[in-house]
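1. Only the shape, not the letters, is given here:
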Ligand SMILES: [Zn+2]
């Protein structure tokens, strides 16, 4: 097996997603240099931070956190791009595992009953082959022993992002795009909604509008990355 791995590495070397240098055997996804450079947000206070604040006055969120700071030129963008478009689903496992250490230290998951990935439209899922947040959610689910509900919330429309509209109009439009298949299963629960990148927050807001039709449901939010673009 080791021989086969060595053989394959000659033709398909494992390259760092950040700098494209060849990875050592002990490294995964990122080389030590790039992983030390990762823009980790370290949001210890989950009820009052930049992510939670971005939803003030828009929708009721119990608490929230994001792992990385995102901008169009940084290493987070490369990680998300590869996770989303290059079938690098292992990046979701890698970041989920790392993020879980921070979530253990601030006890974020201690009162969470279920993890709900933000859904993508069926056609997009067929084309891409996967929902890009599923491996991230599965890793958190495994570590914290919390079920991941992948067939509860669905996306009805395959709209392109409507960047020309202001965020309120956009949220209003997208809110009709989601539907909850089963309200009963979520009753009296505290769920965490998980997305890849929170930019305007419109997608999360729209999901919340649909989810909050459930009796006595509480919602928290996690994302792989956050950008203050809203
Ligand atoms: Zn690197």
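-> Noted; the coordinates are in hand. All of these numbers come straight from a predicted model, not from anything done at the bench.

2. Residue numbers of this structure in contact with the ion?
-> 16, 18, 19, 31, 34 (C-beta under 5 Å from the ion). (Glycine included, C-beta is placed from N, CA and C.)

3. following the top helix by length along the chain, which helix or strand shows up next?
-> Longest helix in the chain, counting residues (DSSP state H): helix 90-105. Moving toward the C-terminus from helix 90-105, the next helix or strand (DSSP states H and E) is strand 114-117.

4. and after that following strand, which helix or strand comes next?
-> Assigned by DSSP H and E, the successor of strand 114-117 is helix 122-128.

5. which one is residue 135 nearest to, not counting chain neighbours?
-> In space, and not counting its chain neighbours, residue 135 is closest to residue 92: 3.2 Å by C-beta to C-beta, 6 or more residues apart in numbering.

6. Now do the same contact list for that neighbour.
-> Residues in contact with residue 92 (C-beta atoms under 8 Å, 6 or more residues apart in numbering) are 83, 132, 133, 134, 135, 136, 137, 138, 139, 224.

7. Out of the residues you listed, which comes closest to the ion?
-> Using C-beta to the ion, residue 83 comes nearest to the ion of these, at 16.2 Å.

8. that's a helix at that closest one, yeah?
-> Yes: assigned with DSSP: H, G, I helix; E, B strand; the rest coil, residue 83 falls within a helix.

9. Report the separation between the residue nearest to residue 135 and the ion.
-> As defined by C-beta to the ion, to the nearest Å, residue 92 lies at a distance of 19 Å from the ion.

10. In this structure, where is pLDDT below threshold?
-> 1-3, 5-12, 159-175, 229-230 (pLDDT under 70).

11. now with 80?
-> Residue ranges of the chain with pLDDT under 80: 1-13, 157-176, 229-230.

12. all helices for it, in order.
-> For the chain, applying DSSP H gives helices covering 2-11, 32-36, 50-53, 75-85, 90-105, 122-128, 134-144, 167-175, 202-211.

13. If we go by neighbour counts, what in the second one is buried?
-> What that stands for is helix 32-36. Under the neighbour-count criterion of 16 or more other C-beta atoms under 10 Å, helix 32-36 has 34, 35 buried.

14. what domains does the record give for the chain?
-> 1-37, 39-226 (automatic domain parsing).

15. what's the most buried one of these?
-> domain 39-226 (a mean of 17; mean count of other C-beta atoms under 10 Å).
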